[in-house]
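Enquirer: 3D, please:
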Amino acid sequence: MPIFKRELRAYFDSPIAYVVIIGFLLITGWFFNTNFFMVAQADMRVVFGMIPFIFIFITPAITMRLISEERKSGTIELLVTMPIKDSEIILGKYLAAVALLVAMILPTLVYAITVTFMGDVDHGPIIGGYLGLVLMGAGYVALGTFGSSVTENQVVAFIISWLLVFGFFLMDKVLFLLPSWLVTPLEYMSIEYHFQNISRGVIDTRDIIYYLSLITLSLVLASRSLAARRWR
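Expert: From the prediction side, this is the model:
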């Protein structure tokens, strides 16, 4: 909890949180208003379709400093000498980044409220869409946390995290290029495939298990990476 509070405070004590949140809301607001006023469609499909693509760039920016900055400044040595596990360091930092992501998503509830009052909408896909966004964002943040744990350079951490996130995003987009025996496993590994399932308003335990498994695996790898460098 102290690490979580420290990291969350660090986000909001610097311009990072405000720049990310404002930029995110400007982009999503533009797409929502374009669809709402120009196309005259009272739904959230355009927003839910655009946010996963925005996450590809925002989540590496949020996570690139989590471990790499500590390593570069030398404060990681102070952290690892305290009576705290490597996994607790990783988890505290990860949860702070997820909290920032949720704080970024929450204002978009205004769009959902507007759609509810202005049109006859099915609330299932809206609820599923927001649940899917949180799970997808949490998965991307976990991948970014691992990317930040393997280097002390924030730019390199951003690139590694972006490649990981983009790789999982791209998996279900290249299935037509692959042999048939690879299609099913790669489709299941695609992060957006599961988001699309949830955003239809159908909550399947297989999709939830996928995201929890991705998050757990990424954080375990990040913890192992931190532990390996700790003893070098």
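Enquirer: For the residue nearest the centre of the chain, what are phi and psi?
Expert: Using CA atoms, centre = their mean, the residue of the chain that lies closest to the mean C-alpha position is Gly137, 2.4 Å off. In terms of degrees, to the nearest 10, the main-chain angles of Gly137 are phi -60, psi -40.
Enquirer: and what of Pro83?
Expert: Listed backbone geometry of Pro83 is phi -70, psi 70, with angles given as degrees, to the nearest 10.
Enquirer: And for it, the neighbour number?
Expert: With neighbours defined by other CB atoms under 10 Å, the count for Pro83 comes to 5. Bear in mind the C-beta positions are built from the backbone N, C-alpha and C, glycine included.
Enquirer: what about the strands in the chain?
Expert: Per DSSP state E, the chain has no strands. Nothing in it meets that criterion.
Enquirer: Going along the chain, name the helices of it.
Expert: Shown for the chain, the helices assigned by DSSP state H span residues 2-13, 15-33, 45-63, 68-73, 75-80, 86-105, 109-118, 123-149, 154-170, 180-189, 191-199, 205-230.
Enquirer: ranking those helices by burial, who's on top?
Expert: Of all the helices of the chain, helix 123-149 carries the top mean neighbour count, a mean of 24, counting by mean count of other CB atoms under 10 Å.
Enquirer: give me the low-pLDDT residue ranges for this structure?
Expert: Per-residue confidence for the chain (pLDDT under 70) gives these ranges: 35-43, 74-81, 119-122, 175-176, 178, 229-232.
Enquirer: if you set the cut-off to 80 instead, what comes out?
Expert: Scanning the chain for pLDDT under 80 picks out the ranges 16, 31-46, 69-84, 86, 115-124, 172-187, 201-202, 226-232.
Enquirer: Give me the nearest residue to Glu152, chain neighbours excluded.
Expert: Setting aside the residues directly before and after it, Glu152 is nearest to Arg71 in space (CB to CB, 6 or more residues apart in numbering), at 3.9 Å.
Enquirer: shouldn't the one you found be in contact with Asn153?
Expert: No - the pair Arg71 and Asn153 fails to qualify as a contact (CB atoms under 8 Å) at a distance of 9.0 Å.
Enquirer: What residues does Phe166 make contact with?
Expert: With contact set as CB atoms under 8 Å, 6 or more residues apart in numbering, Phe166 has these partners: Ile56.
Enquirer: Can you tell me how far Leu91 is from Val220?
Expert: Plainly put, Leu91 is 11 Å away from Val220 if you go by CB to CB, to the nearest Å.
Enquirer: Now do the shared contacts for those two.
Expert: Overlap of the contact sets of Leu91 and Val220 (by CB under 8 Å, 6+ apart) is empty.
Enquirer: sorry, back to before: residues touching the closest residue in space to the residue nearest to the centre of the chain that isn't next to it in sequence, list them.
Expert: Nearest-residue entry for Gly137: Leu101, 4.5 Å, with adjacent residues in sequence omitted and distances by CB to CB, 6+ apart. Residues counted as contacts of Leu101 (CB under 8 Å, 6+ apart) are 59, 62, 134, 137-138, 141.
Enquirer: Show me which of those is closest to Thr184.
Expert: Ala138 (24.6 Å; CB to CB).
Enquirer: from memory that closest one sits against Ile215, does it?
Expert: Yes - between Ala138 and Ile215 there is a contact at 5.8 Å, judged by CB under 8 Å.
Enquirer: All set now, cheers.
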